[in-house]
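S.K.: For reference, the sequence and a predicted model appear below.
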Amino acid sequence: MAIGNFVKRIQDVMRNDSGVNGDAQRIEQIVWILFLKIYDAKEEAWELYHDHYTSIIPAGLKWRDWAVDRKDGEALTGDALLDFVNNTLFPTLKNLEIDEETPMSQVIVRYAFEDANNYQKDGVLLRQVVNVIDEIDFTEYKERHEFGTIYESFLKDLQSAGNAGEFYTPRAVTDFMVKVVKPVLGEKIGDFACGTGGFLTSALQALERQVENSLENREIYNKSVYGIEKKALPHMLCVTNMLIHDIDDPNILHGNALEMDYKDMRKMEPFDVILMNPPYGGSEKDSVKSNFPTELRSSETADLFMNVIMYRLKKNGRCAVIIPDGFLFGTDNAKFNIKKKLFGEFNLHTVVRMPHSVFAPYTSIRTNILFFDNTEPTKETWFYRMDMPEGYKNFSKTRPMKLEHFGAALAWWDNREEIEVDGFPKAKCYTTSEIIERSYNIDLCGFPHEEEVILEPMDLIQVYQEKRASLNDEIDHVLEQITSMLGVN
């Protein structure tokens, strides 16, 4: 099946339905239908291999019971289908009884429908959408795995996602980070703002090659990844994505990883590998900030996620996290203390400066990848600047970043040396003492010759606010030193 044609066929049908308004609702509608189709295919396999398997979905509500059109004139359609979906299917799945003993493979059904909605108002058009989705054969390995690409189509269509600092992370970036971190089968891999599961699927592809034909390894693989996602739509996408990647028991929670006291985080099982692109540009309510020590509280969501990572990374564990430029140059009280903790307790060995427009069209804010491990305090940090590939002025939807663009960075990674271009450092190593002298401003190996990027208004406001806070803090720090030298209170 041509995946692009599949998406277009569904979109064409939904555009004729007055109940579906825009890409966001269209995607959410596709996703809950798709989830039930995939879950039913999984249940057929579980029933085959487990003699006493009992479904959490009541009889009559499984995909095979109501969605499959056997061309005998008995398939639900029109008002009868709408009445079934709105008044039986959704209320039942939203209120499934679960307890501590309910396996995650069944809990996810209720999680998936907690905030889901049926937007279609035309039952005939809904039947057409269901029939198109039912054409996919998820028992065929090749077709099932090819289907994973549909998630990229969804997220690229969801232009509004970037408004809250949440957007699709290009596959090239997730694959590069996994390639460098090198997850090993048996390690526990986490993402506390997992979105649709891009990092987790990149990690699973690396682990899949280590499974071979071992049933024991397959069981380990099935328990390798863990995710938390705050929003309903990406959560359902992630759960579905895990099922497609043969994770039969997806440990993907629907919730906010920041809504837990840091003392409780310390008591939880830590992670061997953390891979993340935390949302940034947003802010959390005061009750969430109060979950962290006073000196580490920040109004920036990405800063708070850095705290979560540091509390939940296992001893000798490894992390790769995408952070905006504001974290690098920021020296306000919270950012200063977060970076002080990072350098003082963890080994921040590498910072990769990424070129602009990596996340186009969602945002033009520059981003960076921090690589660190929980082995020892930082002694030195390498900074490496990735320049825009030759022939590219900007990345875009039609010309996105590719893994091959990381080729030079990968070659440098294992053979590190300082690089200078036109008198400016492209790769350079700095000692921790040099960084402390800069008040933990780690805006190093930047982009000196590149044309200034014209940011979107909200992005521009965010950058200026962060720079103002940083400058104010630097001024206060200098004044404090001067008054101290003069003996003035």
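M.R.: Structure received. Computed from a predicted structure; not experimentally measured.

S.K.: quick one: buried residues of the longest strand seen in the chain?
M.R.: When the chain is parsed with DSSP state E, its longest strand is strand 313-324. By neighbour count on 16 or more other C-beta atoms under 10 Å, the buried set for strand 313-324 is 313-314, 317-324. (Glycine included, C-beta is placed from N, CA and C.)

S.K.: next one: stretch 380-400
M.R.: Under 16+ other C-beta under 10 Å, the buried positions of stretch 380-400 are 381-386, 388, 395, 400.

S.K.: do stretch 415-430 as well
M.R.: So for stretch 415-430, counting by 16+ other C-beta under 10 Å, buried means 425-430.

S.K.: which outside residues touch stretch 79-89?
M.R.: 61, 66, 76, 118, 120-121, 123, 126-127 (C-beta atoms under 8 Å, 6 or more residues apart in numbering).

S.K.: Neighbour-wise, which one of those leads?
M.R.: residue 120 (27 neighbours; other C-beta atoms under 10 Å).

S.K.: could you say which helix or strand contains it?
M.R.: Under the criterion of DSSP states H and E, residue 120 resides outside all helices and strands.

S.K.: Tell me how far it lies from residue 241.
M.R.: For residue 120, the distance to residue 241 equals 23 Å [C-beta to C-beta, to the nearest Å].

S.K.: coming back round to it: show me what the longest strand of the chain pairs with in its sheet, parallel or antiparallel.
M.R.: Strand 313-324 has its sheet partners listed here by DSSP bridges as strand 271-276 (parallel), strand 367-373 (antiparallel).

S.K.: what's the average pLDDT for the helix or strand just after it?
M.R.: Per DSSP H and E, the first helix or strand lying C-terminal to strand 313-324 is helix 325-329. The average pLDDT within helix 325-329 is 90.

S.K.: From residue 126, how far off is the closest residue to residue 58 other than its chain neighbours?
M.R.: Leaving aside its sequence neighbours, residue 58 sits nearest to residue 92 (C-beta to C-beta, 6 or more residues apart in numbering; 6.3 Å). With the distance defined as C-beta to C-beta, residue 92 ends up 18 Å from residue 126.

S.K.: Tell me the one of the buried residues of stretch 415-430 nearest residue 261?
M.R.: Nearest to residue 261 among the buried residues of stretch 415-430: residue 430, at 34.6 Å, using C-beta to C-beta.

S.K.: Confirm for me that the closest one is in contact with residue 384.
M.R.: No - if you go by C-beta atoms under 8 Å, residue 430 and residue 384 don't touch, sitting 11.9 Å apart.

S.K.: Common neighbours of the two, please.
M.R.: Shared contacts of residue 430 and residue 384, counting by C-beta under 8 Å, 6+ apart, come down to nothing at all.

S.K.: Can you pick out the most distant pair from the buried residues of strand 313-324?
M.R.: Taking C-beta to C-beta, no two of the buried residues of strand 313-324 sit farther apart than 314 and 324, at 25.9 Å.

S.K.: Tell me where the stretch 251-400 of the chain has strands.
M.R.: 251-254, 271-276, 313-324, 347-353, 367-373, 380-385 (DSSP state E, counting those that start in this stretch).

S.K.: Geometrically speaking, which residue is the centre of the chain?
M.R.: residue 194 (3.5 Å; C-alpha atoms, centre = their mean).

S.K.: What sits closest to that residue if chain neighbours are left out?
M.R.: residue 227 (3.3 Å).

S.K.: Name the SS class of the one you found, please.
M.R.: Under the three-state scheme (DSSP: H, G, I helix; E, B strand; the rest coil), residue 227 adopts strand.

S.K.: Tell me what it is bridged to.
M.R.: With DSSP bridges as the rule, residue 227 is bridged to residue 191, residue 252.

S.K.: distance of it from residue 266?
M.R.: For residue 227, the distance to residue 266 - C-beta to C-beta - is 20 Å.

S.K.: neighbour-wise, which of those two wins?
M.R.: Neighbour tally, residue 227 and residue 266, criterion other C-beta under 10 Å: the higher count belongs to residue 227, 28 against 10.

S.K.: In this structure that one contacts residue 190, no?
M.R.: Yes - counting by C-beta under 8 Å, residue 227 sits close enough to residue 190 to count as a contact (7.1 Å).

S.K.: Enumerate every residue touching the nearest residue to residue 43 once chain neighbours are set aside.
M.R.: Computed as C-beta to C-beta, 6+ apart, the closest residue to residue 43 that is not its neighbour in sequence is residue 55, at 5.7 Å. Contacts for residue 55 (C-beta under 8 Å, 6+ apart) come out as 43, 62, 106.

S.K.: Could you pull up phi and psi at the first one?
M.R.: Main-chain dihedrals, residue 43, degrees, to the nearest 10: phi -60, psi -40.

S.K.: just the buried residues of stretch 380-400 now: which is nearest residue 305?
M.R.: For these, the nearest to residue 305 is residue 381 (20.1 Å; C-beta to C-beta).

S.K.: Tell me the bridge partners for the closest one.
M.R.: residue 430.

S.K.: I figured it hits residue 432, correct?
M.R.: Yes - contact criterion C-beta under 8 Å: residue 381 and residue 432 qualify, at 7.3 Å.

S.K.: Find the residues that touch each one of those two.
M.R.: residue 343.

S.K.: Start and end of stretch 420-436, how far apart?
M.R.: 23 Å (C-alpha to C-alpha, to the nearest Å).

S.K.: quick one on the thing from earlier: name the element the residue nearest to residue 43 belongs to?
M.R.: Short version, using DSSP H and E: residue 55 is in no helix or strand.
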